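>>> give me coordinates for this.
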Amino acid sequence: MTMLEPVDGVRLCLPEEPEELRRNLRDAVLGGGDWREGFSDDVCIGVWIWEQWRPALEPAGMARETFVEIVTAYRRELWFWLMGDRQWAQFVEGLAGRVGRRLPAS
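Next comes the predicted model:
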């Protein structure tokens, strides 16, 4: 697994792109579903990435709810990834930077 540049001393991985989850979210949104529902259940991309990064973020003081809020606020880039206008690595690296800037001060 590829590691991203450390963010405030926290090392996060670049997880494999969840292509099936992307396809399902994209289909739901294009089918008229409320895109915000994708953030509120355990199938959402924010929760999926949280599970990948939780071992590094929890000890640094970040809660799951805070993380999902950060992903929700990053929805424009999420939309670009869902629609194929952003590469997975671009989306995740940008998200990692945002998360790093919101880590609690040590």
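>>> mind saving the C-alpha coords of stretch 51-67 as PDB?
C-alpha atoms of stretch 51-67 as PDB (Å, rounded to 0.1, in the frame of the first residue of the first chain):
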ATOM      1  CA  GLU A  51     -11.800   2.800   8.300                       C
ATOM      2  CA  GLN A  52      -8.600   2.900   6.300                       C
ATOM      3  CA  TRP A  53      -7.200   5.900   8.200                       C
ATOM      4  CA  ARG A  54      -8.700   5.400  11.700                       C
ATOM      5  CA  PRO A  55      -5.600   3.600  13.100                       C
ATOM      6  CA  ALA A  56      -3.500   6.700  12.400                       C
ATOM      7  CA  LEU A  57      -6.100   9.400  13.100                       C
ATOM      8  CA  GLU A  58      -7.700   8.300  16.300                       C
ATOM      9  CA  PRO A  59      -4.400   8.300  18.300                       C
ATOM     10  CA  ALA A  60      -3.900  11.800  16.800                       C
ATOM     11  CA  GLY A  61      -7.200  12.900  18.400                       C
ATOM     12  CA  MET A  62      -9.600  12.900  15.400                       C
ATOM     13  CA  ALA A  63     -13.100  11.500  15.900                       C
ATOM     14  CA  ARG A  64     -15.100   9.700  13.200                       C
ATOM     15  CA  GLU A  65     -17.800  12.300  13.200                       C
ATOM     16  CA  THR A  66     -15.200  15.100  12.600                       C
ATOM     17  CA  PHE A  67     -13.700  13.200   9.800                       C
END
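>>> pull out the buried residues from it.
52-53, 56-57, 60, 62, 67 (16 or more other Cβ atoms under 10 Å). Every residue, glycine included, has its C-beta placed from N, CA and C.
>>> what sits up against that stretch?
8-13, 15, 46-47, 49-50, 99, 102-104, 106 (Cβ atoms under 8 Å, 6 or more residues apart in numbering).
>>> okay, now stretch 10-28: how far is its last residue from its first?
End-to-end distance of stretch 10-28 (Cα to Cα, to the nearest Å): 34 Å.
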